[in-house]
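Trainee: Predicted model, plus sequence, below.
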Amino acid sequence: MTLKIDQNTLIELPQLKDSFRMLPYDSSKDEIWVEFLNQSKQFGKWSTIKLHKEILDHVIPNCVILITNSTKVIGCGALCKLSRVSKTLTLMYMLVDEKQRGQNIGKFILESLLNNAKNQGFTNIRLYTDDYRLSAIALYLKTGFLPDFKHTPDAKERWNKIMKELGYRGN
């Protein structure tokens with residue numbers, strides 16, 4: 001499923017617990033990021049080569065966020081520019097450790113990335129997600145993302161099902 005947002009204002013960030021830290025990205029974090037992605041089993045098998053090819057070769061400055069507790073990465077997300085001509089960014093590999101969900105980590109990552117993009121003049125952002133990621137879709141919708149029906153022939157039907165599962169009432 002595809003969602004998009006045209007963000008024109010900065011968002012006030014939620015507070016993270018004191019035990020959580022946002023790590024500024026540098027290449028020394030590649031291995032711990034790969035380890036987190038592999039442990040999640042959400043996006044297939046990762047290596048530092050795949051991390052660079054799929055994310056880091058396309059990321060815009062200040063738009064990689066890694067959240068840690070005292071021992072490991074517990075959340076991540078990135079905004080990438082996948083086309084040299086488009087001014088649209090793509091939110092990629094937004095993920096929070098299952099045991100850490102419900103603590104505003106995903107909201108903090110998402111809204112931090114949106115603010116960082118806005119500060120660099122980017123306002124159009126899209127993302128792709130799976131239909132079953134209902135809690136993530138709910139967060140995206142609450143943040144202002146809207147369904148994009150252009151890219152999938154059965155998108156309207158699938159969105160109707162998702163909205164029903166999330167408890168939204170149709171027109």
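Mentor: Received the coordinates, thanks.
Trainee: which SSE is the residue nearest the centre of the chain in?
Mentor: In the chain, the residue lying closest to the centroid (C-alpha atoms, centre = their mean) is residue 94, at 3.2 Å. Using DSSP states H and E, the element containing residue 94 is strand 89-96.
Trainee: Give me the residues contacting the helix or strand that that strand is followed by.
Mentor: Next along the chain after strand 89-96, taking DSSP H and E as the criterion, comes helix 105-119. Helix 105-119 is contacted by residues 5, 7-14, 16, 20, 22, 60, 62-63, 65, 67, 74-79, 89, 91, 94, 96, 123, 125, 136, 139-140, 143 when judged by C-beta atoms under 8 Å, 6 or more residues apart in numbering. From N, CA and C alone the C-beta is placed, and that goes for glycine too.
Trainee: For helix 105-119, buried residues please.
Mentor: 105-118 (16 or more other C-beta atoms under 10 Å).
Trainee: Compute the inter-axis angle for that helix and strand 89-96.
Mentor: 160 degrees (axes from the mean of the first three to the mean of the last three C-alpha atoms, to 10 degrees).
Trainee: State the mean pLDDT of helix 105-119.
Mentor: Helix 105-119 carries an average pLDDT of 95.
Trainee: again with stretch 23-41
Mentor: What stretch 23-41 shows for mean pLDDT is 93.
Trainee: Now do the buried residues in it.
Mentor: Neighbour count says stretch 23-41 has 23, 25, 29, 30, 33, 34, 36, 37, 40 buried, by 16+ other C-beta under 10 Å.
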